[in-house]
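Enquirer: Got a predicted structure here, sequence first:
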Amino acid sequence: MIDNVVNNRLPVFLYGNSTGAVGALYYALKFLEQKNQTISLEQNSVYYPPIAGVIITSPFLKTSAQPTTWQKKMIHFLSKTFQSYSISAEISLDSLTRDLEMQQMLLSDKYSSNDMSAKQLVEWEKASQFCMSKASLLTLHLLALHGKSDEVTEFSTTQQFVSLCSSKDKECILLQNFRNALHLELDRENQVFRKIIQWLDQHHASGKTDNSMLQQLKVDQLVESKLSRFDQEIELQ
């Protein structure tokens, strides 16, 4: 798939949900930051696929329940001394989706967990703060979806992020009665999947004639090496 993208000069659309949405935004913003600073069209360089747009659902930019000051201090302490110390997010299945079938699926999924390490929590907090502070750098196509009944992350923060972006083509959709896990919610096929697919169809078609999106970016080796380290800056355990 990656070879197909590179060989055919296809535009790349990033997608992420919850903490994954922060990862997608972080990568896109770092890409734009480095591109603006160090791109070289004259030197011998390699092609790096351009990021055309970003799709985010229920981004983990701010949690609805904020930890107290002493809890934050304790988490930061643990992240330095006991990095793998596990902390329960205490997220109920009911807060994720109204779909009882999906709740049962999550309950029986041995890989599904509410636990995060102290180090992981701190790194995600840093990444979220970075995304909010650098939001104006985002000039890419942007689609954000968030449930208005989300009790895990704040939809108002998603609205704020989108409003701060410099993208000329940006859209924030708030879904009535939807909770945190949009892709597991009732009527997800019509309200979530269909919307994302339609949006991609529209923007992939426009991308074919948008020179600013499909220009063959030539990025020098310095940029390439920095890009390869982006996903290492957020430490996932």
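Expert: Cool, the structure landed. Numbering: from 1, shown residues only.

Enquirer: and the helix of greatest length in the chain, what's its mean pLDDT?
Expert: Counting residues, the longest helix found in the chain (DSSP state H) is helix 19-38. On average, the pLDDT along helix 19-38 is 83.

Enquirer: list the helices and strands that helix packs on?
Expert: Other helices and strands packing on helix 19-38, by 3 or more C-beta pairs under 8 Å, 6 or more residues apart in numbering; DSSP states H and E, are strand 12-17, strand 51-57, helix 118-133, helix 221-227, helix 230-233. Where C-beta positions appear, they are placed from N, C-alpha and C, glycine not excepted.

Enquirer: how about 6 Å then?
Expert: Under the contact criterion of 3 or more C-beta pairs under 6 Å, 6 or more residues apart in numbering; DSSP states H and E, helix 19-38 touches strand 12-17, strand 51-57, helix 118-133, helix 221-227.

Enquirer: Give me the angle between it and helix 118-133.
Expert: In terms of direction (axes from the mean of the first three to the mean of the last three C-alpha atoms, to 10 degrees), helix 19-38 departs from helix 118-133 by 60 degrees.

Enquirer: all helices of the protein, in order?
Expert: Ranges of helices in the chain, per DSSP H, are 2-7, 19-38, 69-81, 93-96, 100-108, 118-133, 155-164, 188, 194-207, 211-214, 221-227, 230-233.

Enquirer: List the buried residues in the second one.
Expert: Judged by neighbour count using 16 or more other C-beta atoms under 10 Å, the buried positions of helix 19-38 are 19-32, 34-35.

Enquirer: how far off strand 51-57 does that helix point, in degrees?
Expert: Angle of helix 19-38 versus strand 51-57, following the same axes, to 10 degrees, is 150 degrees.

Enquirer: With Thr63 as the reference, measure out to Ser117.
Expert: Distance, Ser117 to Thr63, by C-beta to C-beta, to the nearest Å: 16 Å.

Enquirer: The two - which one has more neighbours?
Expert: For Ser117 versus Thr63, neighbours defined as other C-beta atoms under 10 Å are more numerous around Ser117 (20 against 17).

Enquirer: pLDDT score assigned to that one?
Expert: 76.

Enquirer: for the buried residues of helix 19-38, which one is nearest Ile91?
Expert: Ile91 lies nearest to Thr19 out of the buried residues of helix 19-38, by C-beta to C-beta, at 11.9 Å.

Enquirer: tell me the contacts of the nearest residue to that closest one once chain neighbours are set aside?
Expert: Distances taken as C-beta to C-beta, 6 or more residues apart in numbering place Phe60 nearest to Thr19, at 4.5 Å, with adjacent residues excluded. The neighbourhood of Phe60, defined by C-beta atoms under 6 Å, 6 or more residues apart in numbering, consists of Ser18, Thr19, Val22, Thr153.

Enquirer: Apply 8 Å and report the result again.
Expert: Ser18, Thr19, Ala21, Val22, Trp124, Ser128, Thr153 (C-beta atoms under 8 Å, 6 or more residues apart in numbering).

Enquirer: Dump these to JSON lines, plus distance to Ile56.
Expert: JSON lines is the format used below for these (distance: C-beta to C-beta, whole Å):
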{"residue": "Ser18", "distance to Ile56": "9"}
{"residue": "Thr19", "distance to Ile56": "11"}
{"residue": "Ala21", "distance to Ile56": "4"}
{"residue": "Val22", "distance to Ile56": "8"}
{"residue": "Trp124", "distance to Ile56": "14"}
{"residue": "Ser128", "distance to Ile56": "12"}
{"residue": "Thr153", "distance to Ile56": "11"}
